[in-house]
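In: Model the structure of this input:
(one chain, ligands or ions: 2)
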Amino acid sequence: MRQSQAFLHTLRDDPSDAEVVSHRLLARAGFIQKLAAGVYSYAPAMTRVLQRVSQIVREEMNRAGAQEVLLPILQPKEIWEESGRWERYQKGGQLFSLTDHKGAEMCLVPTAEEAVTTLVKRSIASYRQLPVNLYQIHTKFRDEIRPRFGLMRGREFIMKDAYSFDADEAGLRESYAKMRVAYQRIFERCGLKFTIVQADAGAIGGSTTEEFMVNADTGEDTILVCDGCNYAANVEKAESKLPAGETGGEPKPMHLEATPGDKSCEQLSKRFSLAVSRMIKTVLFRAVYAEREETVAVLMRGDLDVNEVKVANALGALAVDLADDVRVRAATGAEPGFAGPVGIKPGVKVLGDLSIQGMTNFLCGANKTDYHLLDVNFGRDVAMPEVRDLRKSKGGEGCPKCASGKLGETRGIEVGHIFQLGTKYSKAMSALFADDQQVQKPFVMGCYGIGVSRVAAAAVEQNHDKDGIVWPAPIAPWQVHVICVNPEDASQREAAERCERELEAAGFDVLHDDRVKVSPGVKFKDADLVGLPVRVVAGRDAKDGVVELKVRRTGAMAKVKLDAVTAEVKARLGA
Ligand code: ATP
Ligand code: MG
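Out: Numbers count the residues shown, from 1 in each chain. Ligands and ions are numbered 1, 2, ... in the order given. So this is what the prediction gives:
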């Protein structure tokens, strides 16, 4: 590709709304252009990257026995009512829905369980036709509350979504294991460093689910990884050994103490010279269900934090968020900061974390503005609530799986998610097959997503420097950047053209910067920004049959004879 002809237009400045590196660099390098919040046009260079990622995905999915389909992205409301997701997604506010000219309601799909289940149930009647795994690489729509970070969290984006259908749980586990291997191969082949973590199954609950995280400091997800074994989990899901706390000793009489203005455990710790682990904090939430809302009080040892995802799962709630001041006052009869289990208003659901078990003589809020209770004891002063693991695990805590490992905290970008769904959709949509005894049974399903456009952005988050993108070779838009310093000089022009020709003949994709009247400085700056793995510069030495090779990632340079260019490029690309 000649750069003088290429639709590749770098910008001088960063876009003003770019919060993360990948957004900034992809926009400045002319790969993407914003059309609306979370909606982007992909320029040819970006399209090439997406095609490369898609091709790797496609090859590995096919290798694992999945078959490619294309399902409609415009879908009728009916199938979404069948699965029970229409109302829930409408309520969540993330479903793009519309009405056609006849008044029928439709949506633009966020995922395709309904469509694929419909396709399969109308086609497959017997266990003999199972298992099947169907996948597509297609556009998805989600009206994200905060579309941001460019391609990382778009409202329109490209996803590879696969769906497996098996006759039983054992079959599902096999299908899932195959996808897990395929995903590892995919991200390895893309040249990305990643971590597989246990993930939260959300409202579906119980099932096995894992996420593939591209390791990057800028990732939105926090992950905890054991230094002693292979345990790794999203913080939403992570468990850990309970950190030791101070003990309270034999029960003493409970007493009320004035604590004017003291709302935090730290302030109270100072006032009473009491370890924070001797306190119970009462965190109030609003829990949202399909038909109702309720106030929930979570009791947590003072030095520990609440994991809202675990709370939502324990409740079976659609969502959980911190109670606002009005809700706090209604639940406690006091200003925020003084909530406690003793005398909390009836109707408030109380849940305890495992950490409160065995605590004696603890401090907690008195449900009275500017007062706390001391030497409180469960069973005597207040009933012991139902306890669950509701704690947010942190880096530095002990691994829940092995004896001596410690959890380290890092960040990641979720690029893939695999999920043992079970029969949730097949039951709801009456998607049945006849087993070997002629008994009608629901398909046992799995679903497997990869954010193809997010993978491209994550690759940039993980691979860049101050000058621009450093594409991993397997997904770079072109592998080699031939730069002709001065195309008006015949020897330079001929050398560059020869390199382009020979490298293309050897199977490489080449971008050839043949622009005239563009300064070498601008060419090199653009090349750094666009970030192709290997650069071949035809400059002053071209008259002696010599060009310069530079590896984008390391900056390593070498002078190379024209005859040796192809071999030397091959060596550098590991091809
Ligand atoms: P997130 O937690 O980041 O919102 P999710 O868990 O809702 O993602 P899934 O439903 O698991 O996403 O979708 C499968 C994959 O699609 C994700 O692993 C991610 O790579 C990608 N993806 C999801 N939402 C977006 C988005 N708004 N923009 C780009 N890619 C996305
Ligand atoms: Mg996910």
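
In: Low-confidence stretches in the stretch 1-150 of the chain?
Out: Within the stretch 1-150 of the chain, no stretch has pLDDT under 70.

In: my guess is residue 253 meets residue 374, correct?
Out: No. Proximity of residue 253 to residue 374 does not meet the contact threshold set by Cβ atoms under 8 Å, at 9.5 Å. Using the backbone N, CA and C atoms, a C-beta is placed for each residue, glycine as well.

In: Who has more neighbours out of those two?
Out: residue 374 (21 against 10; other Cβ atoms under 10 Å).

In: in what helix or strand does the more buried one lie?
Out: strand 371-376 (DSSP states H and E).

In: The next helix or strand after that strand: partners in the sheet, and parallel or antiparallel?
Out: Going down the chain from strand 371-376, the next helix or strand is strand 386-388, by DSSP H and E. Strand pairing for strand 386-388, using DSSP bridges, gives strand 349-353 (parallel).

In: list the buried ones in the partner strand?
Out: 350-353 (16 or more other Cβ atoms under 10 Å).

In: repeat for stretch 245-253
Out: So stretch 245-253, judged by 16+ other Cβ under 10 Å, has buried residues 245, 248.

In: Pull the residues that contact that stretch.
Out: Contacting residues not belonging to stretch 245-253 are listed as 275, 277-278, 301, 303, 355, 359-362, 375, 377, 380 [Cβ atoms under 8 Å, 6 or more residues apart in numbering].

In: same thing but at 6 Å, please
Out: Contacting residues not belonging to stretch 245-253 are listed as 275, 277-278, 301, 360-361, 375, 377 [Cβ atoms under 6 Å, 6 or more residues apart in numbering].

In: Which part of this structure gets nearest to ligand 1, residue-wise?
Out: residue 451 (2.4 Å; Cβ to the nearest ligand atom).

In: Determine the three-state secondary structure at residue 242.
Out: Look at residue 242: counting by DSSP: H, G, I helix; E, B strand; the rest coil, its state is coil.

In: Measure how buried it is and give me the count.
Out: So residue 242, with other Cβ under 10 Å, has 18 neighbours.

In: Quick check: the residue nearest to the spatial centre of the chain vs residue 255, distance?
Out: Ranked by distance to the mean C-alpha position of the chain (Cα atoms, centre = their mean), the top residue is residue 414 at 2.3 Å. Residue 414 is 49 Å from residue 255, where distance means Cβ to Cβ, to the nearest Å.

In: Ends of stretch 386-395, what's the gap?
Out: 27 Å (Cα to Cα, to the nearest Å).

In: go on, stretch 356-372?
Out: 17 Å.

In: what does the stretch 101-250 of the chain put close to ligand 1?
Out: By Cβ under 6 Å from any ligand atom, the residues of the stretch 101-250 of the chain that approach ligand 1 are 111, 142, 144, 153-154, 157, 159.

In: run the last query once more with 8 Å
Out: Counting by Cβ under 8 Å from any ligand atom, the stretch 101-250 of the chain comes close to ligand 1 at 110-111, 140, 142, 144, 147, 151-155, 157-159, 161, 211-212, 220-221.

In: Repeat that for the chain.
Out: Counting by Cβ under 8 Å from any ligand atom, the chain comes close to ligand 1 at 38, 110-111, 140, 142, 144, 147, 151-155, 157-159, 161, 211-212, 220-221, 413-417, 419, 449-451, 453-455, 457.

In: who's in contact with residue 26?
Out: Residue 26 neighbours (Cβ under 6 Å, 6+ apart): residue 32.

In: In which helix or strand does it reside?
Out: helix 21-28.

In: Past that helix, which element shows up next along the chain?
Out: Later in the chain than helix 21-28, the nearest helix or strand by DSSP H and E is strand 32-36.

In: Using neighbour counts, pick out the buried residues of the helix or strand following that next one.
Out: The helix or strand immediately downstream of strand 32-36 is strand 39-42, counting by DSSP H and E. By neighbour count on 16+ other Cβ under 10 Å, the buried set for strand 39-42 is 40, 42.

In: Which ChimeraX command selects the buried ones in the residues of the chain next to ligand 1?
Out: Buried residues within those, by 16+ other Cβ under 10 Å, are selected in ChimeraX with:
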select :38,110,111,140,142,144,147,151,152,153,154,155,157,158,159,161,211,212,221,413,414,415,416,417,419,449,450,451,453,454,455,457
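
In: still on that earlier bit, quickly run through the sheet partners of the strand holding residue 374, with directions.
Out: Sheet pairing for strand 371-376, assigned by DSSP bridges, gives strand 255-258 (antiparallel), strand 362-365 (antiparallel).

In: got TSV for those strands, with mean neighbour count too?
Out: Output for the strands paired with strand 371-376, formatted as TSV (neighbours: other Cβ atoms under 10 Å):
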stretch	mean neighbour count
strand 255-258	12
strand 362-365	26
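
In: re earlier: now, which of the residues of the chain next to ligand 1 lie within helices?
Out: 453-455, 457 (DSSP state H).

In: Any chance of JSON lines for those residues, columns pLDDT?
Out: As requested, those are exported to JSON lines (pLDDT from 0 to 100):
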{"residue": "453", "pLDDT": "98"}
{"residue": "454", "pLDDT": "98"}
{"residue": "455", "pLDDT": "98"}
{"residue": "457", "pLDDT": "97"}
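
In: Other residues contacting the one helix or strand in the chain whose mean pLDDT sits lowest?
Out: Sorted by mean pLDDT, DSSP states H and E, the helices and strands of the chain end with helix 85-92, the least confident at a mean of 86. The contact list for helix 85-92 (Cβ under 6 Å, 6+ apart) reads 77, 80, 95.

In: how about 7 Å then?
Out: Applying Cβ atoms under 7 Å, 6 or more residues apart in numbering, the contact partners of helix 85-92 are 77, 80, 95, 97, 110, 290, 318.

In: Next: stretch 306-317.
Out: Contacts for stretch 306-317 (Cβ under 7 Å, 6+ apart): 200, 205, 236, 283, 285, 287-289, 296, 298, 300, 319-320, 351, 388-392.

In: Show me how the record splits this protein into domains.
Out: Using automatic domain parsing, the domain ranges for the chain come out as 21-238+409-460, 255-388, 478-574.

In: could you redo those domains as JSON lines and give each row distance to residue 397?
Out: Formatted as JSON lines, the domains of the chain follow (distance: least, Cβ to Cβ, whole Å):
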{"stretch": "domain 21-238+409-460", "distance to residue 397": "8"}
{"stretch": "domain 255-388", "distance to residue 397": "10"}
{"stretch": "domain 478-574", "distance to residue 397": "36"}
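
In: just to revisit the earlier point, isn't the residue nearest to the centre of the chain right up against residue 211?
Out: Yes. Between residue 414 and residue 211 there is a contact at 5.0 Å, judged by Cβ atoms under 7 Å.

In: quick one: common contacting residues for the two?
Out: Going by Cβ under 7 Å, 6+ apart, no residue sits against residue 414 while also sitting against residue 211.

In: Pull up the distance across stretch 298-305, start to finish.
Out: 10 Å.

In: Same question for it: list its buried residues.
Out: 298-304.

In: In TSV: those, plus pLDDT and secondary structure.
Out: Supplementary listing: the buried residues of stretch 298-305 in TSV, determined by pLDDT from 0 to 100; DSSP: H, G, I helix; E, B strand; the rest coil:
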residue	pLDDT	secondary structure
298	98	strand
299	98	strand
300	98	strand
301	98	strand
302	96	coil
303	96	coil
304	97	coil
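
In: Redo the residues you listed as JSON lines? Include distance to residue 86.
Out: As requested, these are arranged in JSON lines below (distance: Cβ to Cβ, whole Å):
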{"residue": "298", "distance to residue 86": "31"}
{"residue": "299", "distance to residue 86": "37"}
{"residue": "300", "distance to residue 86": "36"}
{"residue": "301", "distance to residue 86": "41"}
{"residue": "302", "distance to residue 86": "43"}
{"residue": "303", "distance to residue 86": "44"}
{"residue": "304", "distance to residue 86": "39"}
